[in-house]
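S.K.: here are the coordinates; sequence isn't available:
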Ligand code: ADP
């Protein structure tokens, strides 16, 4: 009843419109943020960023490794400081506040988690994953509970769980409690470490690492400039550790997310790697110098600020100048390499064309004298058959055989060289029709061998129909020729591979030993003698050339005496 009243009342309608407005605005903001910053986190491939060199990834991994080792060592010796109550171990800088025992534990846990994360390549064993998650989870829990204590004024007993603090340095309000900014930093790190390898949430992990790095840098800067505002919020030691772990997290997975552009092998990546350390160090050092000068009474606050700004301008100008020079040098080298590549490609194309022309002319011109030779020998054979000695008959027979073989070789060579000189445009070609034509051409061989040939519903592809017919005819012809004792069973299969068709011609013939899988596609390479099987060893070389001209690949999968499958791909229409 009351609810119904509320529903009807104007207040409810107003509240609803406010809530809806809030959500719409939040969605709009989200969309704008996605548009503005989404590209920072898209996968490297989607951004077309050049892959990093393995050595670069290794260097980044090393940064992560050392960051984790330092974090573990720092946490460990602070922890020892608490165990034996030695102040110098709790904070190496006597005038600054001590790192709490909880922070030391978080530092060790985060360090261990990061250490195992950076050693995972490419897939981590399950026990390592467990250590990574367990340590990250514990660190996040301790930090989040400390944060809750700060915000809600709670006392969860966490502060004195391990050590009731005897003396505090730096004016800690709650003895033993993890400092507010440390708790914030370790929460970000703990959650980030948990999400770092999640394919959907690594963006969040990167963002959390960036936030904790920024917060810890703020604390470091405030110590450097003795800014009272941050005193006691994050001990200097803790700030350095949190900064190192955050940077280590980004470096542990440098090939994706926000680091993809930094680690990339492109000019941009190389420049980013050279400039990033300067971007961190220059303002910090210049700020510190300005602060020291001001404190020593060399100048007042305003002139100091002016000096700081001008020094920044000058230093960054020289950094930019240096960067531009490096880019210019790299660009000149790249253009030179490009020119050389173009020249080599042109030379290669010329020599290829010359070779093809040579093969064509040679085989074409050889045909004429060869025809004359074999014609004359055949006349000799017919006229003087049984009129000469037996050995003379034998010599004539061998000569005729040799001439015939040479003719076949020259014909094959001509076919091979004509593949490029007589190529037709690629048009829509129905593979089923081509296969039917091939089966008609091979009718007598099929009948003689009693081969059983089956095929899937074959696609229409973009091809030169005459050349595609040559491919199918060579492959099906071979499948019949190289049959075993069994009845030849040949199947033509097809598979849709997205942007291309995969065709496979399988037989149950004699098969080919896997070590010859590449060799047989080379011109004139045969695995059998002429006595065993006729042929010149050019058929598969022709197939390879045709398939490659169509933008596809051809390969073989076979087992000796088991049969073979010749696969080739053709791009879709
Ligand atoms: P040719 O058949 O004229 O010898 P190819 O280039 O067509 O030349 O084949 C090269 C070699 O590959 C052949 O000599 C044969 O040893 C082997 N080969 C080709 N296809 C098959 C097949 N389906 N089964 C077994 N071996 C084959």
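M.R.: Arrived safely. Quick caveat, the model's predicted, so the values are computed rather than measured.

S.K.: ok, residues contacting stretch 497-512?
M.R.: 431, 458-459, 461, 472, 475-476, 479, 482-484, 486, 488-496, 520, 527, 552, 556, 558-572 (C-beta atoms under 8 Å, 6 or more residues apart in numbering). C-beta: built from backbone N, CA, C; applies to glycine.

S.K.: just the buried ones from the residues you listed, in ChimeraX syntax?
M.R.: Per 16 or more other C-beta atoms under 10 Å, the buried members of these correspond to this ChimeraX selection:
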select :431,458,459,461,472,475,476,479,482,483,488,489,490,491,492,494,520,552,556,558,563,564,565,566,567,568,569,570
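
S.K.: looking at this structure, which helix is longest?
M.R.: Assignment by DSSP state H gives helix 301-383 as the longest helix of the chain.

S.K.: which other helices and strands contact it?
M.R.: Contacts defined by 3 or more C-beta pairs under 8 Å, 6 or more residues apart in numbering; DSSP states H and E place helix 301-383 against helix 267-295, helix 390-421.

S.K.: looking at those helices, which is nearest to the ligand?
M.R.: Minimum separation from the ligand across the helices and strands packed on helix 301-383 (C-beta to the nearest ligand atom) falls at helix 390-421, 8.0 Å.

S.K.: quick one: strands adjacent to the next helix or strand after the closest one?
M.R.: Next helix or strand after helix 390-421 toward the C-terminus (DSSP states H and E): strand 427-430. In the sheet, strand 427-430 lines up against strand 460-463 (antiparallel) (DSSP bridges).

S.K.: low-confidence stretches in this structure?
M.R.: 1-48, 92-96, 121-126, 159-175, 229-232 (pLDDT under 70).

S.K.: which of the helices or strands spans residue 71?
M.R.: Going by DSSP H and E, residue 71 is in helix 54-83.

S.K.: helices and strands around that helix, which ones?
M.R.: helix 87-90, helix 101-119, helix 236-252, helix 260-263.

S.K.: now for the last one, which elements pack on it?
M.R.: In this structure, helix 260-263 packs against helix 54-83, helix 267-295, with contacts taken as 3+ C-beta pairs under 8 Å, 6+ apart.

S.K.: so which of those helices is the most surrounded?
M.R.: A comparison of the helices and strands packed on helix 260-263 by mean neighbour count, using mean count of other C-beta atoms under 10 Å, puts helix 54-83 on top with a mean of 18.

S.K.: distance from the chain centre to that one, please.
M.R.: Chain-centre distance of helix 54-83: 27 Å, with C-alpha atoms, centre = their mean, to the nearest Å.

S.K.: cool, stretch 402-411 as well?
M.R.: 50 Å.

S.K.: need the residues that contact that stretch.
M.R.: 363, 366-367, 370-371, 373-374, 377, 530, 536.

S.K.: of these, keep whichever come out buried.
M.R.: 363, 366, 370, 373-374, 377, 536.

S.K.: closest to the ligand out of these?
M.R.: Using C-beta to the nearest ligand atom, residue 536 comes nearest to the ligand of the buried ones among the contacts of stretch 402-411, at 4.9 Å.

S.K.: did I read that right, the closest one in a strand?
M.R.: No. Counting by DSSP: H, G, I helix; E, B strand; the rest coil, residue 536 falls outside a strand, being coil.

S.K.: which ones are touching it?
M.R.: 408-409, 412, 524, 526.

S.K.: tilt between the helix holding residue 71 and helix 101-119?
M.R.: 160 degrees (axes from the mean of the first three to the mean of the last three C-alpha atoms, to 10 degrees).

S.K.: return the residues of this protein in contact with the ligand.
M.R.: Within the chain, the positions near the ligand by C-beta under 6 Å from any ligand atom are 474, 478-479, 482, 507, 509-512, 520, 526-528, 535-541, 564.

S.K.: mind giving me the PyMOL select for those, buried ones only?
M.R.: Filtering these down to the buried ones (16+ other C-beta under 10 Å) takes a single PyMOL command:
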select buried, resi 474+478+479+482+507+509+510+511+512+520+526+535+536+537+538+539+540+541+564
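
S.K.: on that earlier part again, of the helices and strands packed on helix 260-263, which approaches residue 389 most closely?
M.R.: Nearest to residue 389 among those is helix 54-83 (73.5 Å), distances taken as C-beta to C-beta.

S.K.: ok so, going back, closest one of the buried ones among the contacts of stretch 402-411 to residue 326?
M.R.: Nearest member of these to residue 326, counting by C-beta to C-beta, is residue 363, at 54.7 Å.

S.K.: these two touch, right, that closest one and residue 417?
M.R.: Yes. Between residue 363 and residue 417 a contact is recorded at 6.6 Å, counting by C-beta atoms under 8 Å.

S.K.: list the contacts for the residue in the stretch 151-300 of the chain positioned nearest to the ligand?
M.R.: Closest residue of the stretch 151-300 of the chain to the ligand, C-beta to the nearest ligand atom: residue 265 (40.3 Å). In this structure, residue 265 makes contact with 50-53, 56, judged by C-beta under 8 Å, 6+ apart.

S.K.: can you tell me which of the residues of the chain next to the ligand are in strands?
M.R.: residue 564 (DSSP state E).

S.K.: circling back to that earlier point, by neighbours, which of the contacts of residue 265 wins?
M.R.: Most neighbours among the contacts of residue 265, by other C-beta atoms under 10 Å: residue 52, with 25 neighbours.

S.K.: so what's it closest to, chain neighbours aside?
M.R.: Spatially, and ignoring its direct neighbours in sequence, residue 52 is nearest to residue 263 (4.0 Å; C-beta to C-beta, 6 or more residues apart in numbering).

S.K.: ramachandran angles for residue 524?
M.R.: Torsion angles at residue 524 (phi, psi; degrees, to the nearest 10) stand at phi 60, psi 20.

S.K.: go on, the one 10 residues further on?
M.R.: Phi and psi for residue 534, reported as degrees, to the nearest 10, are phi -70, psi 160.

S.K.: ok, residue 494 next?
M.R.: The phi/psi pair for residue 494 (degrees, to the nearest 10) is phi -140, psi 150.

S.K.: what's opposite it in the beta bridge?
M.R.: residue 503.

S.K.: my read is that it contacts residue 458, right?
M.R.: Yes. The pair residue 494 and residue 458 qualifies as a contact (C-beta under 8 Å) at a distance of 5.7 Å.

S.K.: mutual contacts of the two, please.
M.R.: 431, 503.

S.K.: packing partners for the host helix or strand of residue 490?
M.R.: Element membership of residue 490, judged by DSSP H and E, is strand 489-496. Applying 3+ C-beta pairs under 8 Å, 6+ apart, one finds that strand 489-496 contacts strand 452-455, helix 465-481, strand 500-506.

S.K.: what sits closest to residue 192 if chain neighbours are left out?
M.R.: residue 208 is the one closest to residue 192 (C-beta to C-beta, 6+ apart), at 3.7 Å.

S.K.: next, the one you found: phi, psi?
M.R.: Taking degrees, to the nearest 10 as the convention, residue 208 sits at phi -60, psi -40.
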